[in-house]
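Provided below are the primary sequence and the corresponding predicted coordinates.
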Amino acid sequence: MLSPIVILLVGIVSVVGLIVLLRLNPFLALLISAIVVSLLSPGELAGKITRVAEAFGLAAGKVGIVIALAAVVGKALIESGAADRIVRAFLSLLGERRAGAALMGSGFLLSVPVFVDTVFFLLIPLARSLRKQTGKNYLLYLLAIACGAMLTHTLVPPTPGPLVMADALGIDLGTMIVVGLAVCAPSAVAGLFLCRVFNRWFDLPLRPVAGEETVESEEEPPQEKLPGLWASVLPIGLPVVLISANTILRSIAPDSSAASVTAVLGNPNLALLFSAAIAMTVLARTRGLSLRRLGQVSETALANGGIIILITAAGGAFGAMLREAGLKELIEPWIRSDLSGGVGFTLLTAGFLVAALMKTAQGSTTVSLITTSALFAGMGVTPEWLGCHPVYLATSIGAGSMVGSWMNDSAFWIFSRMGGLTEIETVRSWTVVLALVGVVGFLVTLVYAWALPMA
């Protein structure tokens, strides 16, 4: 029988190798790796493939509805102009002098329901437009978008990566949202400071990019043709409020009638369903779409969300098979013998470093989040071992997945090509700033884990 450590190494090498060397889709890479780990793990041979399928179905059942509905919300926000309305509201509130903060806030908010690549497609042309108006601060605008979007992309559900981490590590979704936002806030402040510093260091020129003439020839829709601000923000804010309220009330007044109500309304599946219904209603009213056209919009969104569901479910199966390998039984005696020696700090640091290595090796932030959280879930990490709530392990992993974004990351190329940066310029700005913000997020996590362990 193989050692669990050997099985773990085979599984990690399998995931990275299939993605990096064979260029397989992450879904196939994670699924094949899950099967390999299962075959090498103890158990009856006849059931080793079956248990992979069962774990896949269980993972999809837990997060599939939320991811699908979040995809619909994001698509509706883009199509209705609600995303544009949110960006204009930030710019109007903060003004041209604080345009960097406005773009960071826009990316921060929009990246919760909208896939991060789409956020870049939406906001980077706006950064170029602002550079033409102001004649300065182009790198500040670009990096502010990147920091804002990547923070919530890695730390706040219902973005798929944080959603899967919460499920894998047994974290209440409301707790993940609240703590994720709490880590994001100071990290965003530090990120904005870093963006300003790098903007002073590097004088980035505004270069023409492919398709720019087409973009500039299109007039921006007038304000009156966009949905209202409250209608634009409601699909994003409502599920966050409902889910968080459910978590808070279950903690402070679990037997109250209010807790019974929020247990239903704050269920993530129902909360996102409300959000999707509101977003589609705003889209229909703003654009005057027929039911047929609304159906087409939702189909496109669900097709995009379906790919993410497959990847996350395959990641869940991979984590489940690591548990079958016996990792928990292997490391538990060592952990228990060292509970007084700061093992919690060691595990949080390990989560950060493993996520950073996974991100650097294979490029995908989501795969880094899924694989790393699956690894620690397979180890059976408990609050007793950590000395704090497992949500801090999740935010450590999320912070680590911001480190190591370079030329094997699709977002790196979107940022580079749409911004008109060379590869070296992108490494010196995007790669370095995101890594520094990730380190800040990890340090903030350590402070919270020490000051408010919630164990």
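All right, it came through fine. Residues are numbered from 1 along each chain as shown.

Least confident secondary structure element in the chain?
In the chain, no helix or strand scores lower on mean pLDDT, DSSP states H and E than helix 212-217, which sits at a mean of 44.

Report the buried residues of the following helix or strand past that helix.
Beyond helix 212-217 on the C-terminal side, the first helix or strand identified by DSSP states H and E is helix 229-252. Within helix 229-252, the residues that count as buried by 16 or more other CB atoms under 10 Å are 231-236, 238-250. Placement of C-beta: from N, CA and C, glycine included.

Now do the helix or strand immediately after helix 229-252 in the chain and helix 229-252, the angle between them.
The first helix or strand that comes after helix 229-252 along the chain, using DSSP H and E, is helix 257-265. Interaxial angle, helix 257-265 versus helix 229-252 (axes from the mean of the first three to the mean of the last three CA atoms, to 10 degrees): 120 degrees.

Give me the contacts around the helix or strand just after helix 257-265.
Remark: after helix 257-265, the chain's next helix or strand is helix 268-287, criterion DSSP H and E. The contact list for helix 268-287 (CB atoms under 8 Å, 6 or more residues apart in numbering) reads 65-66, 69-70, 72-73, 76-77, 79-82, 113, 157-158, 173, 225-227, 231-232, 234-236, 238-239, 242-243, 264-265, 289, 294, 297-298.

Packing partners of the helix or strand containing Val73?
Secondary structure from DSSP H and E places Val73 in helix 48-80. Judged by 3 or more CB pairs under 8 Å, 6 or more residues apart in numbering; DSSP states H and E, helix 48-80 is in contact with helix 26-40, helix 82-94, helix 116-134, helix 160-168, helix 229-252, helix 268-287, helix 291-324.

buried residues in the longest one?
Within helix 291-324, the residues that count as buried by 16+ other CB under 10 Å are 294, 297-298, 301-302, 304-305, 308-324.

and it, average pLDDT?
Averaged over helix 291-324, pLDDT sits at 89.

by how many degrees do that helix and helix 48-80 diverge?
Using the same axes, to 10 degrees: helix 291-324 against helix 48-80 is 140 degrees.

How about the fourth one?
Angle between the axes of helix 160-168 and helix 48-80 is 140 degrees (criterion: the same axes, to 10 degrees).

Buried residues in helix 160-168, which are they?
Neighbour-count burial for helix 160-168 [16+ other CB under 10 Å]: Pro160, Gly161, Pro162, Leu163, Val164, Met165, Ala166, Asp167, Ala168.

Tell me the helix or strand right after that helix.
Helices and strands here follow DSSP H and E; after helix 160-168, the next one along the chain is helix 173-201.

And that next one, what's buried?
Using 16+ other CB under 10 Å as the test for burial, helix 173-201 gives 173-184, 187-188, 190-192, 194-196, 198-199.

Mind giving me the packing neighbours of it?
Helix 173-201 packs on helix 99-110, helix 138-155, helix 160-168, helix 229-252, helix 391-400, helix 432-451, going by 3+ CB pairs under 8 Å, 6+ apart.

which is the next helix or strand following the fifth one?
Read it as helix 391-400. Sequence order places helix 410-419 as the next helix or strand after helix 391-400, per DSSP H and E.

Identify the residues contacting the following helix or strand past that next one?
Downstream of helix 410-419, the first helix or strand assigned by DSSP H and E is helix 423-426. Outside helix 423-426, the residues that touch it by CB under 8 Å, 6+ apart are Phe202, Leu204, Met407, Phe412, Phe415, Ser416, Gly419.

Return the distance of the second one relative to Glu423.
Computed with CB to CB, to the nearest Å, the distance linking Leu204 and Glu423 is 14 Å.

of these two, who's got more company?
Counted by other CB atoms under 10 Å, Leu204 and Glu423 do not tie: Leu204 has more neighbours, with 22 against 12.

Leaving out sequence neighbours, find the closest residue to the more buried one.
Leu139 (4.2 Å; CB to CB, 6 or more residues apart in numbering).

Tell me, how many residues neighbour that neighbour?
28.

Surely it touches Phe198?
Yes - the criterion here is CB atoms under 8 Å, and Leu139 meets it with Phe198 at 6.2 Å.

Any chance you could list residues touching both of the two?
Residues touching both Leu139 and Phe198 (CB under 8 Å, 6+ apart): Ser429.

give the contact list for Leu142.
Here Leu142 is in contact with Ile124, Ala127, Leu204, Phe415, Gly419, Leu421, Ser429 (criterion: CB under 8 Å, 6+ apart).

Which pLDDT value belongs to it?
For Leu142, the predicted pLDDT is 94.

can you start the count at 6 instead of 1 from here on
Noted, 6 is the first residue going forward, which turns the last one into Leu147.

Next one: it from Phe420, what distance?
Separation of Leu147 from Phe420 (CB to CB): 7 Å.

Quick one: low-confidence residue ranges for the stretch 156-305 of the chain.
For the stretch 156-305 of the chain, the stretches flagged by pLDDT under 70 are 215-226.

what about 90?
163-166, 207-231, 245, 249, 251-265, 267, 292-296 (pLDDT under 90).

Go ahead and confirm Lys364 touches Trp411.
No - counting by CB under 8 Å, Lys364 stays clear of Trp411, with 9.3 Å between them.

thinking again about what came up before, just among the contacts of Leu147, which is most surrounded?
Highest neighbour count within those, by other CB under 10 Å: Gly424, with 28 neighbours.

Return the residues in contact with that residue.
Contacts of Gly424 by CB under 8 Å, 6+ apart are Ile129, Ala132, Arg133, Leu147, Val214, Thr431.

Find the pair from these with maximum spatial separation.
Farthest pair in the contacts of Gly424 (CB to CB) is Arg133 and Thr431. Separation: 15.5 Å.

Just give me the neighbour total for Met459.
14.

Likewise for Ala264?
By the criterion of other CB under 10 Å, Ala264 has 18 neighbours.

dump the residue contacts of it.
Each residue near Ala264 by CB under 8 Å, 6+ apart is listed here: Asn251, Leu254, Arg255, Ala258.

what's the answer for Thr317, then?
Residues near Thr317 by CB under 8 Å, 6+ apart: Ala64, Ala65, Val68, Gly69, Ile72, Pro165, Leu168, Val169, Thr371, Ile375.

Quick check: closest non-adjacent residue to it.
Using CB to CB, 6+ apart and skipping the chain neighbours, the partner closest in space to Thr317 is Val169 (4.7 Å).
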